[in-house]
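Chemist: next one to model:
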Amino acid sequence: AERYVSIMKSISSAKKLVERNMYIQVNSGSLMGQYGTKVQDTAWRLVKYGLAHMLGSDDHVRGSYRSYFDALEVIEERIDAHTAHLLSECHPRKVLENKPIPYRYVYVDMPSHVSGYSRPRTRKKKSLLRKLLRA
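Modeler: The predicted structure is shown next:
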């Protein structure tokens with residue numbers, strides 16, 4: 001997702017996908033800067049803001065998965081070990097087991113410069129009295 005032009009232009013595009021119950025994967029090579037700084041910055045914002053659900057290797061043939069393991073180490077350093085575990089083990093396992101994973105697994109205050117982003121609103125449940133009065 002981090003290489004999509006619309007997401008690079010505005011991280012709120014990724015938020016809209018997540019709000020439509022879509023999972024997002026970031027690739028280890030993107031986090032490690034293999035596709036340029038714009039892609040790298042976008043990938044890190046997706047992880048930091050809890051909009052990435054899984055970490056992929058983007059390695060379609062057998063080879064070295066070094067960038068994958070390097071990315072996990074950097075996620076642990078820059079974010080935390082829990083997030084690295086969610087992206088690399090917990091969430092992928094749930095997908096394989098056909099179990100749901102939370103679309104938003106971390107809530108952070110987005111900086112005001114992230115265009116179009118607002119913190120998820122929690123809907124207030126209407127009280128029984130209010131429901132009865134409206135009927």
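Chemist: helix/strand/coil for the residue positioned nearest the centre of the chain?
Modeler: Centroid-nearest residue in the chain: A52, 1.6 Å away (criterion: Cα atoms, centre = their mean). Classification of A52 using DSSP: H, G, I helix; E, B strand; the rest coil returns coil.
Chemist: quick one, what contacts it?
Modeler: A1, I24, Q25, V26, A43, L46, L87 (Cβ atoms under 8 Å, 6 or more residues apart in numbering). Using the backbone N, CA and C atoms, a C-beta is placed for each residue, glycine as well.
Chemist: let me have those residues in CSV, adding neighbour count, distance to I11 and secondary structure as columns.
Modeler: Output for the contacts of A52, formatted as CSV (neighbours: other Cβ atoms under 10 Å; distance: Cβ to Cβ, whole Å; DSSP: H, G, I helix; E, B strand; the rest coil):
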residue, neighbour count, distance to I11, secondary structure
A1, 23, 10, coil
I24, 19, 11, coil
Q25, 17, 16, strand
V26, 28, 12, strand
A43, 27, 11, helix
L46, 24, 7, helix
L87, 25, 17, helix
